[in-house]
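Novice: Could you look at this predicted model? Sequence included:
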Amino acid sequence: MAVKYEEDDKPEVSLTSMMDCIFLILIFFLVSSQLKKVEKEVPLELPEAQAAKSVKATPDLITVSVTSKGEFYVCGKPVGPAGLRAALTDAKAKNPDRRIRLNGDVYAPFRAIVQVLDTCQQEGLTVVGIHTADGVK
């Protein structure tokens, strides 16, 4: 059956639903891209390990990065030795079983790595993992 339209009533296509979907997708990509940016701010060249195990990162994981110059970063924020101790003390107060991931540059001074491990030990944080690059080629 044919539908007759008067000249004033022309058919319209409603784009409201499509625009809503596009905005939701746009917001999703903006938010998800900002979440990964925090870890990428510290440029490190990780040492390679042949026997490394892949461990899934959890939200309560604290990352401590040591650059090639011996600078400390906690969760992507630069801190000094006193700031490192304060951040680890705060982490221990919030959760005594907090996991620590140590990201050390391949050219980082060994004394800086030992200082991080020593601070973790003094604060009672015993679950410390060392992040490495996959050495399998």
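Specialist: Arrived safely.
Novice: in the longest helix along the chain, what's buried?
Specialist: Determined from DSSP state H, the single longest helix within the chain is helix 16-40. Using 16 or more other C-beta atoms under 10 Å as the test for burial, helix 16-40 gives no buried residues. Placement of C-beta: from N, CA and C, glycine included.
Novice: Numbering from 653 from now on, please.
Specialist: Done: numbering now begins at 653, and the last item shifts to helix 668-692.
Novice: average pLDDT for the very next helix or strand once past that helix?
Specialist: On the C-terminal side of helix 668-692, the nearest following helix or strand under DSSP states H and E is strand 700-701. Strand 700-701 carries an average pLDDT of 78.
Novice: What is whichever helix or strand comes after strand 700-701 packed up against?
Specialist: Next along the chain after strand 700-701, taking DSSP H and E as the criterion, comes strand 714-718. Applying 3 or more C-beta pairs under 8 Å, 6 or more residues apart in numbering; DSSP states H and E, one finds that strand 714-718 contacts strand 724-726, helix 733-746, strand 752-756, helix 762-775.
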